[in-house]
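Trainee: structure for this input, please:
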Amino acid sequence: MIGSVNDSLVSIIVPIYNAEKYLDSCIQSVLRQTYTNWELILIDDGSTDKSGRIAEEYGFADERITVFHQKNLGVSLARNQGIDEATGNYVVFLDADDELIEDCLAKTVNIAEETNADVVAGRSCENQELFQDRIIWTGAEALENSLKDHLFTYSACAKLIRREFIGKTRFTPDIRINEDSYFVFQLLCKQNVFVLTNDVIYFYRANSESSSRTVFSEKYFDILKVSDLKYKKIEEQFPQMHDLAKNMLLKARMNVLRILAVRTRDEYRDVEKKLLEYILDNKEDYIPSSKECNQWMFILSHHLFYVYKFAHYIVK
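Mentor: Residues are numbered from 1 along each chain as shown. Here you go, the predicted structure:
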């Protein structure tokens, strides 16, 4: 036991950009926490709606809430400022359109103190994956499971992270998609104690206006950039995971190709061709995972990509 749970301050970091529709619900979910030893750090990332004013009103009403304003620099730099300002034993990342389940902090802090965990990951409301009550990964186990596509290892949200463990690790500003994944990946490379709990601790709101759900833009190619960065680090530090790293590279390209199939027409035909060539040339690197992913590999490996894309366009 590290110490009394009541002594463990939790820093909750919320990057905000034009989130007036959901920000009140987000902050209220923190105020409803059964665990009360927290500080809430709100980073207004140049919002042009009422988000900044809403944040200031809460900051004025509760001394545990601190508000910072910056010009629009993006979610990564907003989160980085939150990390720099945090003083808690633990850090929780919360998006401005999401919510924490009311016993989130109580459950995760207790688990962290009981297990000496560096990271405690719980379920979000839409995650139906079930497992035994608690799983503990040590050393490189979490990294290995991340490369095996374990959903709990991707997002920075739905996690309680020891602030000292974060150390100097920060989000990479020039990564616009999958910045969460790369941040968590860098933490996992530190050989941590990673605990998974079956408890639902996070409410993820499927916001149709979210950047991850809009029409295609070239920022989606950052998925490939992230996979290449991960691969380089694995090859340098964990060569025993070479096969898993190759699988990760392959699935990143499958993912981008899937996005191109459903969100574009013919404007990226050359890119699609190169991705298809890579996948077909390296399909032996594929490690079966989810049913959906396996089905997508079947489509690609049987040269049905353009049939799928045409069918999707007709249905759409």
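Trainee: state the pLDDT value of residue 90.
Mentor: At residue 90, the model reports a pLDDT of 98.
Trainee: any low-confidence regions in the stretch 51-200 of the chain?
Mentor: 126-132 (pLDDT under 70).
Trainee: and the helices in it?
Mentor: Here the stretch 51-200 of the chain has its helices, by DSSP state H, counting those that start in this stretch, at 51-61, 75-85, 104-115, 141-147, 163-166, 179-188.
Trainee: how about the longest one: buried residues?
Mentor: Of the residues in helix 104-115, those with enough neighbours to count as buried (16 or more other Cβ atoms under 10 Å) are 104-105, 107-113, 115. For every residue, glycine as well, the C-beta is placed using N, CA and C.
Trainee: against which helices or strands is it packed?
Mentor: Contacts defined by 3 or more Cβ pairs under 8 Å, 6 or more residues apart in numbering; DSSP states H and E place helix 104-115 against strand 90-93, strand 119-124, strand 159-162, strand 194-203.
Trainee: before we move on, back to that, would you list the buried residues of helix 104-115 in TSV and tack on distance to residue 55?
Mentor: Supplementary listing: these in TSV, determined by distance: Cβ to Cβ, whole Å:
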residue	distance to residue 55
104	20
105	20
107	27
108	24
109	25
110	29
111	30
112	28
113	30
115	34
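Trainee: for the helices of the stretch 51-200 of the chain, which one sits closest to residue 203?
Mentor: Closest to residue 203 of the helices of the stretch 51-200 of the chain, according to Cβ to Cβ: helix 104-115, at 9.3 Å.
Trainee: what does that closest one contact?
Mentor: Helix 104-115 is contacted from outside by 1-3, 5, 8, 10, 33-35, 38, 90, 92, 117, 120, 122, 134, 136, 159-160, 162, 193, 195, 197, 199, 201-202, using Cβ atoms under 8 Å, 6 or more residues apart in numbering.
Trainee: only the buried subset of these, as a PyMOL command please.
Mentor: This is how PyMOL selects the buried members of the contacts of helix 104-115, with burial counted by 16+ other Cβ under 10 Å:
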select buried, resi 5+8+10+33+35+38+90+92+117+120+122+159+160+162+193+195+197+199+201+202
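Trainee: what stretches of the stretch 201-316 of the chain score poorly on pLDDT?
Mentor: In the stretch 201-316 of the chain (pLDDT under 70), the answer is 207-214.
Trainee: helices of that one, residue ranges please.
Mentor: For the stretch 201-316 of the chain, the helices defined by DSSP H, counting those that start in this stretch cover 222-237, 242-263, 269-281, 291-301, 305-315.
Trainee: buried residues in the third one?
Mentor: Spelled out, it's helix 269-281. By 16+ other Cβ under 10 Å, the buried positions in helix 269-281 come out as 271-272, 275-276, 279.
Trainee: what's the farthest-apart pair in those residues?
Mentor: The span of those, defined through Cβ to Cβ, is set by 271 and 279 at 12.6 Å.
Trainee: highest average neighbour count across the helices of the stretch 201-316 of the chain?
Mentor: helix 242-263 (a mean of 19; mean count of other Cβ atoms under 10 Å).
Trainee: that one packs against which elements?
Mentor: By 3+ Cβ pairs under 8 Å, 6+ apart, helix 242-263 packs against helix 141-147, helix 222-237, helix 269-281, helix 291-301, helix 305-315.
Trainee: for residue 251, find the nearest of those.
Mentor: Closest approach to residue 251 among the helices and strands packed on helix 242-263 is made by helix 291-301 (6.9 Å; Cβ to Cβ).
Trainee: elements contacting the closest one?
Mentor: Here helix 291-301 touches helix 242-263, helix 269-281, going by 3+ Cβ pairs under 8 Å, 6+ apart.
Trainee: can I see the domain layout of the protein?
Mentor: 5-208, 215-315 (automatic domain parsing).
Trainee: got the contact list for residue 78?
Mentor: Each residue near residue 78 by Cβ under 8 Å, 6+ apart is listed here: 15-17, 43, 45, 70.
Trainee: reformat the residues you listed into TSV and put neighbour count, secondary structure and distance to residue 219 next to each item.
Mentor: Shown next, in TSV, are these (neighbours: other Cβ atoms under 10 Å; DSSP: H, G, I helix; E, B strand; the rest coil; distance: Cβ to Cβ, whole Å):
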residue	neighbour count	secondary structure	distance to residue 219
15	26	strand	17
16	28	strand	20
17	19	coil	15
43	25	strand	21
45	25	strand	16
70	14	strand	20
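Trainee: can I get those residues in JSON lines including distance to residue 287?
Mentor: Formatted as JSON lines, these follow (distance: Cβ to Cβ, whole Å):
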{"residue": "15", "distance to residue 287": "34"}
{"residue": "16", "distance to residue 287": "38"}
{"residue": "17", "distance to residue 287": "37"}
{"residue": "43", "distance to residue 287": "38"}
{"residue": "45", "distance to residue 287": "37"}
{"residue": "70", "distance to residue 287": "41"}
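Trainee: right, I'll call it a day here.
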